[in-house]
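Undergrad: next come a sequence and a model predicted from it.
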Amino acid sequence: MPNSQARTWLIKCTLMAVAVLLVCRLATVWVGTRLQQPAATTRDGNFITLNRYVQEPTPDIVLVGSSVAWRLKEENFLLPRVRNLALPGGSAVTGLEIVAKQTHLPKIVLIEANVLSRPADDALIARFAGSARSDTLLRPLRTAVAAYETWNHPPPEPAQVRASLEYLLKQPPSGFDNRVYVERAVKEMNAEDAAPQVSANARLIRQLVADVEQRGARAFLIEVPVAPEIESTRLIRESRAIVREVFPGQAHWLRIDAPQAELRWADGVHLDERSALIVARAIEKALDGR
C-alpha cells in the first residue's frame, strides 16, 4: 500500500510538472509572438513598458517622457536600476502621473521637457496608477514563465553589452543626410500652436513633482539636445518659455552637457543610437553632481 501511494503521488507530481511546463511554453510563445509582430502598435509597446514597471521592483532612477527620451535606452546607462518609461506618441505627464501614484517611488525621477504638447493618456493612467502591484494571483505563473524564458533565451552578458557600447562610442558620428526630414520637422513645429496644452501640462508636472518630493523622491526636468534648426522653431521656443516660467531657477533642472558636435539626429529631434549613448552618459555625469 505505501508503495502504491508513493507511485500515485509521483504520477501526480509528474503530471503537474508537465502541465506547468506546457503553460509556460504556451505563455512564452504567445508573449513572444505579440512582441515580435510587425504590426504591433505604439500603444502595445507602451502597455508592455508600463506593465513591466508596475510588476517589477521599484528602480532607483526612472525617466519619463516622449519618443525623444525613449531613445535613451536603459542599457546605455552605467548606473544600475535605471528604468525608461518614456512613451512614444505620448508625453512625460502620463509616465510621471503613473509613477507618482505608485506605493513605492524611485529615488530620482527624470522628466523630459522637450515634448509637452500632448495631453496625458487617461486610459493608461487609470490602468497602471497604483493597483497593479497588488495583483499576486498570477505572480507564481509569471515567475515560472520568466524563468523558462531566461533559460531558453539567456540575455547577453553585461560584459558583452558594455563592450559593444564602448565600441559604438569610439565610432565617428553618422554621416546620414537628414536634411529632408529636418526641413519637414521644422515646418510642422513652426505651424503648431501648443501653448495652452504645454501650459496645462507644465502646471500638472509642478503638482506631481511637489507630491513625489514630499514623499522623499527627487525630481529633475531635462531637455534632450535637438538639432540647431529645431531649437529655433516656434514650438520649442514657446514650450521652453512656458516651462521655465513654471520652473524658474536651476533647482529642478538637470543640465545635459553633451558635445553638440558629436550628436546626430534622424530628423533633428530624435537622437541616433550613438548620440543617445553620449547623452545618457552626460545625464549620469550631471546626476553625479546633484
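TA: Alright, I've got the coordinates. Because the structure is a prediction, the values reported are computed rather than measured. Residues are numbered from 1 along each chain as shown.
Undergrad: ranges for the strands of the stretch 1-150 of the chain?
TA: 61-64, 82-84, 108-112 (DSSP state E, counting those that start in this stretch).
Undergrad: now mean neighbour count, distance to residue 222 and mean pLDDT too, for these, in JSON lines please.
TA: Backbone N, C-alpha and C define where each C-beta goes, glycine included. Formatted as JSON lines, the strands of the stretch 1-150 of the chain follow (neighbours: other C-beta atoms under 10 Å; distance: least, C-beta to C-beta, whole Å; pLDDT from 0 to 100):
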{"stretch": "strand 61-64", "mean neighbour count": "26", "distance to residue 222": "8", "mean pLDDT": "98"}
{"stretch": "strand 82-84", "mean neighbour count": "23", "distance to residue 222": "12", "mean pLDDT": "97"}
{"stretch": "strand 108-112", "mean neighbour count": "25", "distance to residue 222": "5", "mean pLDDT": "98"}
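Undergrad: show me the one of those that comes nearest residue 75.
TA: Closest approach to residue 75 among the strands of the stretch 1-150 of the chain is made by strand 82-84 (9.1 Å; C-beta to C-beta).
Undergrad: and that closest one, which strands flank it?
TA: Under the criterion DSSP bridges, strand 82-84 sits next to strand 61-64 (parallel) in its sheet.
Undergrad: residues contacting the residue nearest to residue 82 when sequence neighbours are not counted?
TA: Excluding the flanking residues, the one nearest residue 82 by C-beta to C-beta, 6 or more residues apart in numbering is residue 61, at 4.6 Å. By C-beta atoms under 8 Å, 6 or more residues apart in numbering, the contact set of residue 61 is 77, 79, 81-83, 106-110, 287.
Undergrad: and residue 185, by the same measure?
TA: 230, 233, 267-269.
Undergrad: is it true that it lies in a strand?
TA: No - going by DSSP: H, G, I helix; E, B strand; the rest coil, the assignment for residue 185 is helix, not a strand.
Undergrad: relative to residue 53, how far out is residue 62?
TA: The gap separating residue 62 from residue 53 is 8 Å, by C-beta to C-beta, to the nearest Å.
Undergrad: re earlier: out of the contacts of residue 61, which is nearest to residue 160?
TA: Closest approach to residue 160 among the contacts of residue 61 (C-beta to C-beta): residue 77, at 16.5 Å.
Undergrad: what's the local residue count around that closest one?
TA: 21 (other C-beta atoms under 10 Å).
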